[in-house]
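Participant: Provided below are the primary sequence and the corresponding predicted coordinates.
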Amino acid sequence: MTNLDYAIKLVKDRKIEITPEEIQDRRWDVHGLNNLSKQLTMWREAKGFETNKSNFASKIALTHSELSEALEADRKGDEEEKLFELADAFIRLFDLIGANGSDIEEAICFKMNLNDKRPERHGKRY
Ligand SMILES: [Mg+2]
């Protein structure tokens, strides 16, 4: 199943009206994210850390921990620390993406094109 086939299946399951052309719209400026993912993965490997299918859960937990640190920084009113903790979370996420060799640029475009077709607040309260 190609990414486009998966996207079409997801759209049908959610009953969202979107054409294959709209699904593949690349108007979002995501250029460089795949390269960043590869760079972060190479950096992580050079530092001796491993990211693979067997430690995916712990890597997700570590990403959560960075977001929690950002939340604590926000509670303290420390905007600078909050930004750096959010950067840590992105670094961990992009490493996870790079380790898989996934096309995050295509995935973000698809999800944003899909989100664009959803109602205000996606039909929910928040
Ligand atoms: Mg941190």
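Facilitator: Looks like it arrived, so ask away.

Participant: quick check, pLDDT for residue 83.
Facilitator: Note on residue 83: pLDDT of 98.

Participant: now for residue 118, how many residues are close by?
Facilitator: If you count neighbours by other CB atoms under 10 Å, residue 118 ends up with 13. The way it works is simple: take the backbone N, C-alpha and C, and place the C-beta from them, glycine included.

Participant: what do you get for residue 40?
Facilitator: Counted by other CB under 10 Å, the residues lying close to residue 40 total 21.

Participant: that one touches residue 88, doesn't it?
Facilitator: No - using CB atoms under 8 Å as the test, residue 40 is too far from residue 88 to be in contact (11.4 Å).

Participant: what do these two both touch?
Facilitator: Here residue 40 and residue 88 have no joint contacts, going by CB atoms under 8 Å, 6 or more residues apart in numbering.

Participant: the ion contacts on the protein?
Facilitator: Selection of the chain residues close to the ion by CB under 5 Å from the ion yields 66, 69, 85, 88.

Participant: export those residues to JSON lines and append columns for secondary structure.
Facilitator: Shown next, in JSON lines, are the residues of the chain next to the ion (DSSP: H, G, I helix; E, B strand; the rest coil):
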{"residue": "66", "secondary structure": "helix"}
{"residue": "69", "secondary structure": "helix"}
{"residue": "85", "secondary structure": "helix"}
{"residue": "88", "secondary structure": "helix"}
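
Participant: farthest-apart pair in those residues, please.
Facilitator: 69 and 88 (7.2 Å; CB to CB).

Participant: name the residues contacting each of the two.
Facilitator: Between them, residue 69 and residue 88 share no contacting residue, judged by CB under 8 Å, 6+ apart.
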